[in-house]
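Q: Sequence plus the predicted model coming up.
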Amino acid sequence: MVKDINRIKVVLVEKKRTNKWLAEQLGCAPTTVSKWCTNACQPPMETYLRIAKLLDVEIDKLLNNEYANELVNE
């Protein structure tokens, strides 16, 4: 079962931005961003930092706190 590790899709909606826009800003394929948004795979930490800057949010807003708490409590 895939865990919802990131909240990239949610933050994009909150900021009224699209996957396509993010892909253009990062210089990557829209399919790559789509995979991140569906939590099929995760971007590298450096990319999380770039996404946070582009969306003008703290990096913790891009991560699912419930998932992080599960890891800490294991």
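A: Great, that's in hand.
Q: contacting residues for the closest residue to Lys9 other than its chain neighbours?
A: Of all residues beyond its chain neighbours, the one nearest Lys9 is Cys37 (3.9 Å), with distances taken as Cβ to Cβ, 6 or more residues apart in numbering. The C-beta positions use only the backbone N, C-alpha and C, and glycine is treated the same way. When the contact criterion is Cβ atoms under 8 Å, 6 or more residues apart in numbering, the partners of Cys37 are 8-9, 12, 19.
Q: Using a markdown table, lay out those together with neighbour count.
A: Listed next are the contacts of Cys37 as a markdown table, based on neighbours: other Cβ atoms under 10 Å:
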| residue | neighbour count |
| --- | --- |
| Ile8 | 25 |
| Lys9 | 16 |
| Leu12 | 20 |
| Asn19 | 19 |
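Q: which ones among the residues you listed are found in helices?
A: Of the contacts of Cys37, the ones assigned to helices by DSSP state H are 8-9, 12, 19.
Q: Local confidence estimate at the residue nearest to Lys9?
A: pLDDT recorded at Cys37 is 96.
Q: what helix or strand does the spatially closest residue to Ala29 that is not a sequence neighbour sit in?
A: Once flanking residues are discounted, Ala29 sits nearest to Ala23: 6.2 Å by Cβ to Cβ, 6+ apart. Element membership for Ala23, per DSSP states H and E: helix 19-26.
Q: coming back round to it: count of residues packed around the residue nearest to Ala29?
A: 17 (other Cβ atoms under 10 Å).
Q: Contacts only, for it.
A: 29-30, 32-33 are the contacts of Ala23 under Cβ under 8 Å, 6+ apart.
Q: any idea which of those is closest to Asn64?
A: Comparing the contacts of Ala23 against Asn64 with Cβ to Cβ places Val33 closest, at 17.2 Å.
Q: Show me what the longest helix along the chain is in contact with.
A: When the chain is scanned for its longest helix (criterion: DSSP H), the result is helix 45-55. Contact with helix 45-55 is made by 6, 8, 11-12, 15, 17, 22, 25-26, 43, 58-59, 61-63, as judged by Cβ under 8 Å, 6+ apart.
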